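Visitor: sequence and computational prediction follow.
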Amino acid sequence: MKKTLARWAQDIWYKDHFIGVWLCPLGFLFCDAVRFRKLLYRLGVLKKQTVPVPVIVVGNITVGGTGKTPFVVWLASLLKEAGYKPGIISRGYGGLAESWPQRVDENSNAELVGDEALLLVRQTACPVAVGPVRADAANLLLAQTDCNVIVSDDGLQHYALTRDIEIAVIDGERRFGNGYCLPAGPLREPIDRLQSVDFRIVNGAEKEDEEYSMQLIGDRAINLATGQQKSLEDFSTVECHALAGIGNPERFFNLLATAGISCATHSFPDHYKFERHDIAFNDDKPVLMTEKDAVKCTAFAGSQHWYVPVKAVLEQGFSERLLNLLKAKNNG
């Protein structure tokens, strides 16, 4: 049922704009509620929490994936190279832990802390904490580690945490769909929200004015059962299955197609909780999946299951601009 509803919503937001028009009144109400909530924070009716180190928020204004998790991995690496000690916080979406906040390590259970948090700690080797109250997660890291800058993954709408730098990641292919707010369209906030962020990053398409381009690249696959690595080119001579439970599965499928791989594709909702039968196709064809999905499938994967890691590549000059702004915020 969730899979069907997700596809139905995607069709309305990005393809069948006619139905979205009929839902517009609900979208307008949602936009008004978002603006009113933001006003309450500005007036101090709803309280913000501040932590004693700079906070960089990475998020998006649309429902679904835009590539912000690979960007956070890239950002953590940049901050380390510049001499900072970043800690990463996140909502822990889908996590079923009984108490929050939670520290995350490489052996954490994705069902308890969420798939993205586990992926982040494995890819960055940074301290990671998750929880619905981001300030609590940040304070946990500050109490237990020596991190001196906090990166908040997917916290653009979490106004309860004061931030120093805001970065919005945009899906360059789908951008803002029909341009309406939920449920008529994919927007979590009106498009004019982008005018107030510090940086806008466009993933996978030509950038527009005042935007920075990002590309996701991947050229190898890693076996979930054995750890063996192979070039993606090695799969171009055989038929494969490809599955993705991310915000925009087509981005992953297109990456494989660009590598010359012929796949039967299987889409799942973002943060989907995979079970053994979801990745079993009653044949011996290789099964390729995203790394985000792999963290939830390792326990029951076989020798035919492979994941494809990707990394973000940012346009030249962005790193310097970001670090200069962070330095200015620190000195201010």
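Guide: Sure, I can see it.

Visitor: can you give the domain ranges for the chain?
Guide: 2-214+315-331, 219-309 (automatic domain parsing).

Visitor: save those domains as TSV, and put in mean neighbour count and mean pLDDT too.
Guide: Any C-beta I mention is one placed from the backbone N, CA and C, and that applies to glycine too. Shown next, in TSV, are these (neighbours: other C-beta atoms under 10 Å; pLDDT from 0 to 100):
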stretch	mean neighbour count	mean pLDDT
domain 2-214+315-331	18	91
domain 219-309	18	94
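
Visitor: just the strands in the stretch 51-200 of the chain please.
Guide: Using DSSP state E, counting those that start in this stretch, the strands of the stretch 51-200 of the chain run over residues 55-59, 86-90, 102-104, 128-130, 149-153, 165-171, 199-203.

Visitor: need the residues that contact the strand or helix carrying residue 252.
Guide: Taking DSSP states H and E as the criterion, residue 252 maps to helix 249-258. With C-beta atoms under 8 Å, 6 or more residues apart in numbering as the test, helix 249-258 has contacts from 65, 67, 171, 173, 204, 216, 218, 232, 235, 240, 242, 244, 246, 263, 265, 267-268, 288, 290, 308, 310.

Visitor: repeat that with 7 Å
Guide: Here helix 249-258 makes contact (C-beta atoms under 7 Å, 6 or more residues apart in numbering) with 204, 218, 242, 244, 246, 263, 265, 267, 288, 290.

Visitor: between the residues you listed, which is nearest residue 182?
Guide: residue 246 (19.1 Å; C-beta to C-beta).

Visitor: OK, contacts around that closest one?
Guide: Counting by C-beta under 7 Å, 6+ apart, residue 246 has contacts 65, 252, 270, 290, 292.

Visitor: next one: the second one from residue 266, what distance?
Guide: Looking back up the chat, that one is residue 252. Applying C-beta to C-beta, to the nearest Å, the value for residue 252 to residue 266 is 11 Å.

Visitor: shared neighbours, those two?
Guide: residue 242.
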